[in-house]
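Asker: Fold the stuff below for me.
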Amino acid sequence: MIFLNKVAIGLTMMFVTAASANAYSARAYSTEGQDFAIITVYENSHGASLSGYGKSTVWEASLSEVISYNKRTKRPEIVDIIVQTYGYDDRWNYAARINCVEPAKSYIKEHGNPKNKTSFKKAMQLDYGNPFFIERKAVEGIFSNYC
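Answerer: Numbering: from 1, shown residues only. Predicted structure coming up:
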């Protein structure tokens with residue numbers, strides 16, 4: 001009987017250790033009953049008035065995959081996400097890879113050819129009419145939620 005108790009305790013400890021090794025501390029990774037949540041990273045109101053009418057664009061992101069994480073802190077280092085907009089400007093729906101350790105290496109994955117990439121730095125500098133233009137505050141929201 002004592003042997004079975006030790007085995008049960010050992011298996012429980014292994015399960016808890018394995019579960020905690022896969023836990024990430026960024027708040028975007030889980031919500032009640034969902035593994036990966038769609039979160040609002042930024043909302044831009046264009047011409048909103050006191051009456052509540054106006055144009056707004058909501059930038060949302062959802063986790064696709066954690067590529068690597070820091071084994072000591074359990075924080076993500078490289079993460080694949082999907083970023084999309086809706087509302088006034090609903091043209092944005094791209095996959096992106098963010099690098100929390102070296103943010104300058106973060107990029108947008110263009111549709112069709114996976115070798116075509118646009119860095120976040122370049123995307124923030126583009127004109128509004130360019131399909132890869134992303135607002136700086138949306139990028140800040142992405143990094144604050146996933147890194």
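Asker: So which helix or strand of this structure has the lowest pLDDT on average?
Answerer: helix 2-21 (a mean of 40; mean pLDDT, DSSP states H and E).
Asker: After that helix, which helix or strand is next? Please name it.
Answerer: strand 38-46 (DSSP states H and E).
Asker: which helices and strands sit right next to that following strand?
Answerer: Applying 3 or more C-beta pairs under 8 Å, 6 or more residues apart in numbering; DSSP states H and E, we find strand 38-46 packed against strand 55-69, helix 136-146. In this view, the C-beta of every residue, glycine as well, is placed from N, C-alpha and C.
Asker: Worst mean pLDDT among these?
Answerer: Here the lowest mean pLDDT among these goes to strand 55-69, at a mean of 88.
Asker: sorry, back to before: can you redo the helices and strands packed on strand 38-46 as a markdown table with mean neighbour count?
Answerer: Below are these laid out as a markdown table (neighbours: other C-beta atoms under 10 Å):
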| stretch | mean neighbour count |
| --- | --- |
| strand 55-69 | 17 |
| helix 136-146 | 18 |
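Asker: Format those as TSV; extra columns: distance to Trp92.
Answerer: Converted to TSV, the helices and strands packed on strand 38-46 look like this (distance: least, C-beta to C-beta, whole Å):
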stretch	distance to Trp92
strand 55-69	7
helix 136-146	9
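Asker: Looking at the ones you listed, spot the one closest to Ala123.
Answerer: Ala123 sits nearest to helix 136-146 of all those, at 8.1 Å, using C-beta to C-beta.
Asker: how much space between Ser68 and Arg97?
Answerer: Separation of Ser68 from Arg97 (C-beta to C-beta, to the nearest Å): 11 Å.
Asker: Also Lys74?
Answerer: According to C-beta to C-beta, Lys74 and Arg97 sit 20 Å apart.
Asker: Compare neighbour counts for these two and give me the winner.
Answerer: Taking neighbours as other C-beta atoms under 10 Å, Lys74 and Arg97 compare with Arg97 leading, 18 against 14.
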